[in-house]
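Q: This is a predicted model, with the sequence first.
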Amino acid sequence: MTEPDPRTTDELPLEQLDERLELSAPATPEILELVHAMFEHLFAARPDIEDVPRMRFEMSVIEILSNIVEHAYRADSASTHGPGESRRFAITVALTPTRMLASLSDNGMPMSLDLEGAAMPDELAESGRGLAMAAAALDALDYSRDGGINHWHLLSRYGVRE
């Protein structure tokens, strides 16, 4: 079985979908609330999408964004950028008739990870669950790095209420 490409839809590239929201902002913990608000706004127009797929998708996006905020900028103290310049991310979230999609990018440090091997850590571990939970909740999760930019693409299929 071939995994779907979370960067595209059957119809159009993510950036060309009408039902999408975009944000570019500083990668700070406070920004998580704004991204939650983006989801509220996006889903307000689509009450036909069931709650469980919505919550799983939003949780997955927030987990990836939390990792960006927490881990991608550990070396910022050595940065030569001005205040706030180096700690940035961009997010696009979109809906199609059958899919929820998100694209996140940041100019932080490269991530060394194995998405296919993402597993829940030992029950006594204090961290490390977010990526495993996101990968389990999504139909597709893709990470790449190009030109000094980290790119995350997330896809979740959903059913609708009748």
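A: The structure has been received and is ready for your questions.

Q: Could you export the worst-scoring helix or strand of the chain on mean pLDDT as CSV, CA atoms only?
A: One helix or strand of the chain scores below all others by mean pLDDT, DSSP states H and E: helix 130-137, with a mean of 87. Written as CSV, here are the backbone C-alpha positions of helix 130-137 (Å, rounded to 0.1, in the frame of the first residue of the first chain):
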residue,chain,number,x,y,z
GLY,A,130,4.5,13.7,21.2
LEU,A,131,6.0,12.5,18.0
ALA,A,132,4.9,8.9,18.5
MET,A,133,1.4,10.0,19.3
ALA,A,134,1.3,12.3,16.3
ALA,A,135,2.6,9.6,13.9
ALA,A,136,0.0,7.1,15.3
ALA,A,137,-2.9,9.6,14.9
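
Q: Which neighbouring elements make contact with it?
A: Under the contact criterion of 3 or more CB pairs under 8 Å, 6 or more residues apart in numbering; DSSP states H and E, helix 130-137 touches helix 51-71. C-beta here means a position set from N, CA and C on the backbone, and glycine is covered the same way.

Q: Could you pull up phi and psi at residue 49?
A: Backbone torsions for residue 49, taken as degrees, to the nearest 10, come to phi -80, psi 130.

Q: circling back to that earlier point, could I get the buried residue list for the next helix or strand after the least confident helix or strand of the chain?
A: Scanning forward in sequence from helix 130-137 by DSSP states H and E, the next helix or strand is strand 140-146. For strand 140-146, the neighbour count (16 or more other CB atoms under 10 Å) marks 140, 141, 142, 143 as buried.

Q: quick one, strand 140-146 and helix 130-137 angle?
A: 130 degrees (axes from the mean of the first three to the mean of the last three CA atoms, to 10 degrees).

Q: Just after strand 140-146, pick out the following helix or strand.
A: By DSSP H and E, the next helix or strand past strand 140-146 is strand 149-157.

Q: What lies in contact with that next one?
A: If you take CB atoms under 8 Å, 6 or more residues apart in numbering as the criterion, strand 149-157 is touched by 4-7, 53, 56-57, 60-61, 64, 68, 72, 98-108, 110-111, 134, 137-145.
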